[in-house]
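J.: structure for the following, please:
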Amino acid sequence: MDEKSLYAHILNLSAPWQVNSLSLDKNSGSVTVTVGIAAHAQLTCPTCCKSCPIHDHRHRKWRHLDTCQFTTLVEANVPRIDCPEHGCQTLPVPWAVPGSRYTLLFEFFVLSWLKISTVDAVRKQLKLSWNAVDGIMMRAVKRGLARIKKPLSARHLCVDEVAFKKGHQYVTVISDRQGRALKLTDDRGVESLASYLRNLSDRQLDEIKTLSMDMNMAYISAARIHLPNAVDKIAFDHFHVAKTLCAVVDKTRMAEMKRISSSDRKGAHRSRYLWFYGKQNRHGRRAERLEVARLVLPETSQCWVMKELARDLWHRRYCKHTRFSSTHFLRFPYFRPSACTLP
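T.: Numbers count the residues shown, from 1 in each chain. Prediction:
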C-alpha cells in the first residue's frame, strides 16, 4: 500500500474523492494531504441530486488527527456546482461538516477528551483556541438535536435550573436518570417544564414514574397541571429537603431562645450548628452540648427529631409495598417550603 492509498483509507475517501499528493514540512512539523475530485467525475446537486456542471472552486483547509508527532492538514479545492433549480452550491465533503475547519474524526477526538478534562486543558494540549473548542461542542450538540425526531421521554425524569452569565438568567434542563439531557428550555418558570410535558403523548405521560426536582413552586405547579398523579410521582432532591428541614429547626430555635430564661439560655448558647450535624459527626463534646440544648429547648428538640427521622427515611431501602414520595412532607406545616416559623 502506497502513501496515497494509506491516507485515502485513513480519511475514508470514496469516489469521486481521491488523494492527489502528500507533502512533509519538517520545519513546521506538519503533513499536508491534498485531496481532489477525480477527472471527468459527474457531480450532482446536494439538494436534488441532479447532474450539474462545475461553477468554480473554493480552496479549503481542515485539521486532521496527527500523524505520529506531525500535525496533519487536509487541503482541497472544493467545487461549487451550478444547479438550475437551487443555484450555486458548495459540494459537501465526506470528512467534515459544512462550516468546520476540522475533520469529523478530529472533532470526535476533541469531544472524547472534553468528557474527562477541562476545556482549558484540552485546548492547550491540542493547541486550539477557546472559540475553536466551543465551535466543536456546538456542532456536536446540533448533530445530536438533529437526530431527535420526536420528544424524548423516560420513566424517571429530573428537572433543574442552571444559571449562566451574570445576574439571574436561567435555563431549565430536563434529563433522565442516566443524565441524558432530554430538553433545554428558557427561564425556570411554569412554562419551562409545562412546554415539555405538553409535547408528550398520553402514553408517554403515563409511563413517567418519578419526577425529581428541587422545591421550585413553578415546577411543582407545571407538574400538577400536566402530569397525571403528579403528587405521587414528584420526588424532591435530598439537598433541598435537608435544607428546608434544617431551616425549620433553626427558625424554631431562634423563636424558642427568646422565651426561655436567661439561666437556660446559657446552656443553649451557640447551639445553632449542633442541630445540623449528622450521626457520624455528632460525638464527644458536640454530643454533650447537644443534650444540654435539647433539655432547655424542647420544641426545637422535637423538630430536630423529626428531621433525623426524615434523614433515616431517605437512606432506608426501597420497598415496593411502601409507596412514599417526598411531596408527602408538604402535608405537614413544619415541612412546607414556605413555613418559616412555627404556627
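J.: mind listing the strands for the stretch 201-343 of the chain?
T.: 210-213, 234-236 (DSSP state E, counting those that start in this stretch).
J.: where in the protein is the helix or strand with the lowest mean pLDDT?
T.: Counting by mean pLDDT, DSSP states H and E, the chain has its least confident helix or strand at helix 262-267, which shows a mean of 79.
J.: with just CA atoms, put it into CSV.
T.: C-alpha atoms of helix 262-267 as CSV (Å, rounded to 0.1, in the frame of the first residue of the first chain):
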residue,chain,number,x,y,z
SER,A,262,-31.5,33.7,81.0
SER,A,263,-30.1,30.8,83.0
ASP,A,264,-31.3,28.2,80.5
ARG,A,265,-30.2,30.4,77.6
LYS,A,266,-26.5,29.9,78.7
GLY,A,267,-26.8,26.1,78.2
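J.: show me which helix runs longest in this protein.
T.: Longest helix in the chain by number of residues, with DSSP state H as the criterion: helix 238-257.
J.: what's the least confident helix or strand of the chain in contact with?
T.: 257, 292-293, 295-296 (Cβ atoms under 8 Å, 6 or more residues apart in numbering). The way it works is simple: take the backbone N, C-alpha and C, and place the C-beta from them, glycine included.
J.: for the strands of the stretch 201-343 of the chain, give me a markdown table that also has mean pLDDT and mean neighbour count.
T.: Formatted as a markdown table, the strands of the stretch 201-343 of the chain follow (pLDDT from 0 to 100; neighbours: other Cβ atoms under 10 Å):
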| stretch | mean pLDDT | mean neighbour count |
| --- | --- | --- |
| strand 210-213 | 91 | 20 |
| strand 234-236 | 89 | 21 |
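J.: what about those, which gets the closest to Ala132?
T.: Of all those, strand 210-213 sits nearest to Ala132, with 35.9 Å by Cβ to Cβ.
J.: neighbouring strands - and their directions - for the closest one?
T.: Taking DSSP bridges as the criterion, strand 210-213 forms sheet pairs with strand 156-163 (parallel), strand 234-236 (parallel).
J.: from the chain's centroid, how far away is it?
T.: Put simply, strand 210-213 sits 16 Å off its chain's centre (Cα atoms, centre = their mean, to the nearest Å).
J.: likewise for stretch 127-136?
T.: With Cα atoms, centre = their mean, you get 19 Å for stretch 127-136.
J.: average pLDDT for it, rounded please.
T.: Averaged over stretch 127-136, pLDDT sits at 94.
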